[in-house]
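*Asks:* generate coordinates for the sequence data below:
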Amino acid sequence: MDRAIYLLGGGGHGRVVLDALLAASAVVAGVLDPALTPGTSIFGIVVAGGDELLGEVDASRVAIANGVGANPSVAARARLFDELSGRGFTFTTVRHPSVVFGLGCTLGEGAQLMAGVVMQAGVHVGANAVVNTRASVDHDSVIGRHAFVSPGAVLCGDVTVGESAFVGAGAIVLPGRSIGAGAIVGAGAVVTRDVADGAVVRGNPAERDTNRS
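*Replies:* Numbers count the residues shown, from 1 in each chain. The predicted model follows:
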């Protein structure tokens, strides 16, 4: 049985997710966002109300698309996923039709690949992780659950991105490097060394920002 898909969040990232779903011919039943007016629509999909409406449906009949983005914290996005998963809801994977998806690549529950993403052979993207517009992920890289890879980022081969880490727009991570859990890589940074858990790095070559981490 096909499940009804509800998009949680109608902001910027939510609209990108919705665009990808519709481009892939997914049937979206509605948008849930308490900040939007019920009865209005986004790309022809009606705003049904807030996420409290999920308390009125059978979790076995509904699939969720996570429309919450990162800023750069992924905490709100991760909390939503974990809470609703605990209540029995399933999160749908999102894969824009323009994605290049290499042999042996795998996606965890609710992973999202936006337009123009290139994934080479053997990449794994964890549950609820995002690889955003035109990012490139080379062979055998692993992106942890809840991690967020921003538009235009380049992950060279055999890169590891830890759980809930954030890689900024246009950042480059050289082959074999590891980004620790909860770490933040600033936009445009070039990562030549491993990044510790929770660290914030910026620049070329990327150095730790001691004011932020």
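*Asks:* Leu155 against Val149, yeah?
*Replies:* Yes - shown here, Leu155 and Val149 form a contact pair, counting by Cβ atoms under 8 Å, at 6.9 Å. The way it works is simple: take the backbone N, C-alpha and C, and place the C-beta from them, glycine included.
*Asks:* end to end on stretch 102-112, go ahead and measure it.
*Replies:* 15 Å (Cα to Cα, to the nearest Å).
*Asks:* skipping adjacent residues, who's closest to Gly108 in space?
*Replies:* Ala127 (3.5 Å; Cβ to Cβ, 6 or more residues apart in numbering).
*Asks:* doesn't the one you found belong to a strand?
*Replies:* No - using DSSP: H, G, I helix; E, B strand; the rest coil, the secondary structure at Ala127 is coil, not a strand.
*Asks:* and it, how far from Gly55?
*Replies:* According to Cβ to Cβ, to the nearest Å, Ala127 stands 23 Å off from Gly55.
*Asks:* just the helices in this protein please.
*Replies:* In the chain, the helices defined using DSSP state H lie at 12-23, 75-86.
*Asks:* how about those in TSV, adding mean neighbour count, distance to Asp51 and mean pLDDT?
*Replies:* Below are these laid out as TSV (neighbours: other Cβ atoms under 10 Å; distance: least, Cβ to Cβ, whole Å; pLDDT from 0 to 100):
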stretch	mean neighbour count	distance to Asp51	mean pLDDT
helix 12-23	19	12	98
helix 75-86	16	8	97
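*Asks:* pretty sure Val149 contacts Gly168?
*Replies:* No - the criterion here is Cβ under 8 Å, and Val149 misses it with Gly168 at 9.2 Å.
*Asks:* and the two? Which one has more around it.
*Replies:* Of the pair Val149 and Gly168, Val149 is the one with more neighbours under other Cβ atoms under 10 Å, namely 33 against 21.
*Asks:* what's Ala129 in contact with, if anything?
*Replies:* Ala129 sits next to 108, 111-112, 143-149 when contact means Cβ atoms under 8 Å, 6 or more residues apart in numbering.
*Asks:* distance to Phe81 and pLDDT added to those residues, as TSV?
*Replies:* Output for the contacts of Ala129, formatted as TSV (distance: Cβ to Cβ, whole Å; pLDDT from 0 to 100):
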residue	distance to Phe81	pLDDT
Gly108	11	98
Ala111	11	98
Gln112	11	98
Ile143	15	98
Gly144	13	98
Arg145	8	98
His146	7	98
Ala147	12	98
Phe148	12	98
Val149	16	98
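*Asks:* so where's this structure uncertain?
*Replies:* Scanning the chain with the threshold set as pLDDT under 70 gives 1, 212-213.
*Asks:* go again using 90 as the cut-off
*Replies:* 1-4, 51, 55-57, 209-213 (pLDDT under 90).
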